[in-house]
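Peer 1: output the structure for:
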Amino acid sequence: MAFLHGISRRSLNALGAAACAGMMAFALYAQHGLGLEPCPLCVLQRMAVIATGVLFLVAALHDPERTGARIYGVLIALPAAAGVVVAARHVWLQGLPPDQVPECGPGLDYMLDVFPLLEAIDMIFSGSGECAEVSWRMLGLSMPTWVVIGCAGLGLAALIGNWLLGRGSARA
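Peer 2: Numbering: from 1, shown residues only. Sure thing, here's the model as predicted:
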C-alpha cells in the first residue's frame, strides 16, 4: 500500500486520536455554538468516538511491537464499529417517512435513571422523534451520516495501520 509509505503506526494512531478529538470538538461546537442539542443516539455516537480516540491515544503512547499493535487495531476498531452501527441506525430513523417516525420519548438521563439498563438501551435504539429530525447538513449529508463515514474510516485505519505499519517509518 503505497499511500502508507513513510508513516509509522505511532503517527497513524496519533492522527486517529487527533481526528476523534476534532470530531468531538465539532460536536461540542454544534451543541454550544449552533444550539443543536444532542439526542440519545447522538450521545451514544459521542461515546463511541471518545472511546475510539482514547484507544488511539493509548496505542500511540504505548507504541507496542507487532502483536500488541494488532491487538490495538482490533480494540480500536470495536468502538469505531459501534459508532458506525449507532450512527447508521440514526441515519435510518432520519430517512423514515414522517408518519412512521416514533414519538418523542424521555431524555437519556431519565431513561438511564428510571429503567433497567437493557430496557433503556432498547428504548434508545428504538429512537424517537427528536432522533429523526435533521437539523444540520454539510454537502447534503446529515451529522450522523458524517459519523458513519468518520467512524468507518477510523476503524479501517486502525486495522490496516496497526496490522501493516511498523514502528518508525520502516515496516515491521
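Peer 1: what residues sit buried inside the longest helix anywhere in the chain?
Peer 2: With secondary structure taken from DSSP state H, the chain has its longest helix at helix 66-94. Neighbour counts over helix 66-94 (16 or more other C-beta atoms under 10 Å) mark 69-70, 72-73, 75-77, 79-84, 86-91, 93-94 as buried. All C-beta spots, glycine's among them, are computed from the backbone N, C-alpha and C.
Peer 1: one more: stretch 136-147?
Peer 2: Ser142, Met143, Pro144, Thr145, Trp146, Val147.
Peer 1: restricted to strands, list the residues you listed.
Peer 2: Ser142 (DSSP state E).
Peer 1: going by distance to Pro40, which of the buried residues of stretch 136-147 wins?
Peer 2: Pro144 (12.3 Å; C-beta to C-beta).
Peer 1: touching, that closest one and Val91? I think so.
Peer 2: Yes - assessed by C-beta atoms under 8 Å, Pro144 is found in contact with Val91 at 4.9 Å.
Peer 1: re the thing from before, pLDDT and distance to Tyr29 for the buried residues of stretch 136-147 - can I get that in TSV?
Peer 2: Listed next are these as TSV, based on pLDDT from 0 to 100; distance: C-beta to C-beta, whole Å:
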residue	pLDDT	distance to Tyr29
Ser142	90	16
Met143	91	12
Pro144	93	16
Thr145	95	18
Trp146	96	14
Val147	96	15
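Peer 1: tell me how far the closest residue to Ala157 other than its chain neighbours lies from Ser135.
Peer 2: Using C-beta to C-beta, 6 or more residues apart in numbering and skipping the chain neighbours, the partner closest in space to Ala157 is Gly16 (5.9 Å). Going from Gly16 to Ser135 by C-beta to C-beta, to the nearest Å gives 28 Å.
Peer 1: now the strands: where do they sit in this structure?
Peer 2: Under DSSP E, the chain gives strands at 137-138, 141-142.
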